[in-house]
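Trainee: Next come a sequence and a model predicted from it.
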Number of protein chains: 2
Amino acid sequence: MSSQKSEDVKRGRGRPRNFAEAEVLDALTDTFWRNGYAATSLDDLTQATGAARASLYKLFGDKDALLVAAIDHYAARFDTRVDATCASAGTAREAIAQTLRASADRLSAGQAPPGCLRCRITLDRHGQSPAIGAALDRANDKFRHNMERLLAVGTDPAALHIPKTALFLTTIVNGMVILAEAGASRDDLEDVITTALANVPET
Amino acid sequence: MSSQKSEDVKRGRGRPRNFAEAEVLDALTDTFWRNGYAATSLDDLTQATGAARASLYKLFGDKDALLVAAIDHYAARFDTRVDATCASAGTAREAIAQTLRASADRLSAGQAPPGCLRCRITLDRHGQSPAIGAALDRANDKFRHNMERLLAVGTDPAALHIPKTALFLTTIVNGMVILAEAGASRDDLEDVITTALANVPET
DNA sequence: AGAATAATAGACCAATGAGTTCACAAAAAA
DNA sequence: TTTTTTGTGAACTCATTGGTCTATTATTCT
């Protein structure tokens, strides 16, 4: 897969890049997501991105910075998915249901990296660099905030306590990630979702 | 901390051990719990256990086997705690509340290893040895089963669907682990617990 | 065409870590 | 006291890894 060339931005002098910058982030994220931080070597990353080792260092700095970029990218992708859901859903219930089911689908689909990068690295944060800790804080705060955004969709603000409910739903998603990695089936996850949704008012 | 000698079992010939076997398991568990698998070196383990490197290899086999033993030990400790709760609690609601609060306390206490060994390694299971995968399966199955045991305490079996509720509560605990590692306060966890308990019938 | 630039490929380095080996130490048994 | 057994402690091997450096290649600008 070293044929990523979709973003052929005109660059100045010098040998042309072997990679498209946008796709490097995806590949980086994918690889850390799949293997975790420690088990991802620089060789893995150069292979996945197609970029030369030296290029990665020039672009990002060091391995920590690569992970930081991946975490931020991962979080940003979720942001845009939430944007779409907020725009399309009519009620908070609907928005939440859609999001939870999308997560469950992905968690139990064999393809794509398993689990969740944010969750995985969060449980692995001890002993990591401060920069990684900060990126995790950003990602986790964003996630919680995104749950609040979903709950704010077309809903009477008096009908539910948004922050508390968002916290609860964050717990549910986090929990489902581990559940799925522990072998739970899609049906199991659906049962959890059903119970969770009962805690989000109808309108 | 190489003065663990509380279990001075009479041993046969040979130089006496530098460690008490029971405490080795605790130290092992503690260390993996604190640092994760990859970030725990054999030097860390010999230092934590007080046992010589060669002794650990003789007793367990290799690093994977050490983690397997730690996972099993970790799960077994939870078993005995659940035993106690089942014996002392009068209702399922009470048993669950007690367990969730104990988890929340531990998760937000600064002391002791943070998070949860089972959850941490579960999210890190990809690329690990089959033996570790099997140990994780045991631990996760046991956990779910323990939730069912707690729900069975003095409760009308018709009042709730035990397997589904146990699955839900497992999700809650798993989720709280990540929440706590992401920086949630004890109060945040209490809010989650309150919501979760609303899904366990009164009697 | 030739200079300047930017990226590649891969060698190189120092550190770390898992696993093994072995001489030595300390106890029980004979 | 001597032998046997069991564990210690430290050195050693070998593979891997993060990070750096250099020669080379490919492109644009003059």
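Mentor: Done, it's in. It should be emphasised that the depicted structure is a prediction, and the values quoted were computed from it without experimental measurement. Numbers count the residues shown, from 1 in each chain, chains lettered A, B, ... in the order given.

Trainee: Is there proximity between whichever helix in chain A runs longest and DNA strand C?
Mentor: Secondary structure of chain A read by DSSP state H shows that its longest helix is helix A:63-88. No. Applying Cβ under 7 Å from any atom of the strand, one finds helix A:63-88 separated from DNA strand C by no less than 13.6 Å. C-beta coordinates here come from the backbone N, C-alpha and C atoms, glycine included.

Trainee: If you count neighbours, what's buried in that helix?
Mentor: The neighbour-count check on helix A:63-88 (16 or more other Cβ atoms under 10 Å in any protein chain shown) flags A:63-75, A:78, A:82, A:85-86 as buried.

Trainee: So, low pLDDT: which residues of chain A?
Mentor: A:1-10, A:203 (pLDDT under 70).

Trainee: which residue is nearest the centroid of it?
Mentor: Most central in chain A under Cα atoms, centre = their mean is A:Tyr74, positioned 3.9 Å from the mean C-alpha point.

Trainee: my read: that residue touches A:Gly115, true?
Mentor: No. With contact defined as Cβ atoms under 8 Å, A:Tyr74 does not reach A:Gly115; the gap is 11.7 Å.

Trainee: Skip ahead from the helix or strand hosting A:Thr170 and say which helix or strand is next.
Mentor: Using DSSP states H and E, A:Thr170 sits in helix A:162-181. Following helix A:162-181 in sequence order, the next helix or strand is helix A:186-197 (DSSP H and E).

Trainee: Alpha carbons of that following helix, as PDB, please.
Mentor: Output of helix A:186-197 as PDB, limited to C-alpha atoms (Å, rounded to 0.1, in the frame of the first residue of the first chain):
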ATOM      1  CA  ARG A 186     -23.200  -7.700  18.600                       C
ATOM      2  CA  ASP A 187     -26.400  -8.900  20.300                       C
ATOM      3  CA  ASP A 188     -24.800  -8.400  23.700                       C
ATOM      4  CA  LEU A 189     -23.900  -4.900  22.800                       C
ATOM      5  CA  GLU A 190     -27.400  -4.200  21.600                       C
ATOM      6  CA  ASP A 191     -28.800  -5.300  24.900                       C
ATOM      7  CA  VAL A 192     -26.500  -2.900  26.700                       C
ATOM      8  CA  ILE A 193     -27.600  -0.100  24.300                       C
ATOM      9  CA  THR A 194     -31.300  -0.900  25.000                       C
ATOM     10  CA  THR A 195     -30.700  -0.500  28.700                       C
ATOM     11  CA  ALA A 196     -28.700   2.600  28.200                       C
ATOM     12  CA  LEU A 197     -31.200   4.300  26.000                       C
END
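
Trainee: Which elements pack onto that helix?
Mentor: Packing partners of helix A:186-197 (3 or more Cβ pairs under 8 Å, 6 or more residues apart in numbering or on different chains; DSSP states H and E): helix A:92-108, helix A:162-181, helix B:162-181.

Trainee: Take these and lay them out in JSON lines including distance to B:Glu190.
Mentor: Formatted as JSON lines, these follow (distance: least, Cβ to Cβ, whole Å):
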{"stretch": "helix A:92-108", "distance to B:Glu190": "22"}
{"stretch": "helix A:162-181", "distance to B:Glu190": "10"}
{"stretch": "helix B:162-181", "distance to B:Glu190": "10"}
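
Trainee: Throw those into a markdown table and include mean neighbour count, thanks.
Mentor: Shown next, in a markdown table, are the helices and strands packed on helix A:186-197 (neighbours: other Cβ atoms under 10 Å in any protein chain shown):
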| stretch | mean neighbour count |
| --- | --- |
| helix A:92-108 | 19 |
| helix A:162-181 | 24 |
| helix B:162-181 | 24 |
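
Trainee: want to throw the ones you listed into a markdown table with distance to DNA strand C?
Mentor: Shown next, in a markdown table, are the helices and strands packed on helix A:186-197 (distance: least, Cβ to the nearest atom of the strand, whole Å):
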| stretch | distance to DNA strand C |
| --- | --- |
| helix A:92-108 | 30 |
| helix A:162-181 | 23 |
| helix B:162-181 | 22 |
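
Trainee: Neighbours of A:Gly61, how many?
Mentor: 13 (other Cβ atoms under 10 Å in any protein chain shown).

Trainee: try A:Ala198
Mentor: Around A:Ala198 there are 10 residues (other Cβ under 10 Å).

Trainee: What of A:Arg13?
Mentor: Around A:Arg13 there are 4 residues (other Cβ under 10 Å).

Trainee: Distance check, it against A:Val24.
Mentor: Between A:Arg13 and A:Val24 the computed distance is 21 Å (Cβ to Cβ, to the nearest Å).

Trainee: Then A:Gly175?
Mentor: For A:Gly175, the distance to A:Val24 - Cβ to Cβ - is 32 Å.

Trainee: which one is A:Ala152 nearest to, not counting chain neighbours?
Mentor: A:Ile162 (6.4 Å; Cβ to Cβ, 6 or more residues apart in numbering or on different chains).

Trainee: what's the spacing between the one you found and A:Leu150?
Mentor: 10 Å.

Trainee: A:Lys142 is in contact with A:Asp79, isn't it?
Mentor: Yes. Under the criterion of Cβ under 8 Å, A:Lys142 makes contact with A:Asp79 at 6.7 Å.

Trainee: No more questions from me, cheers.
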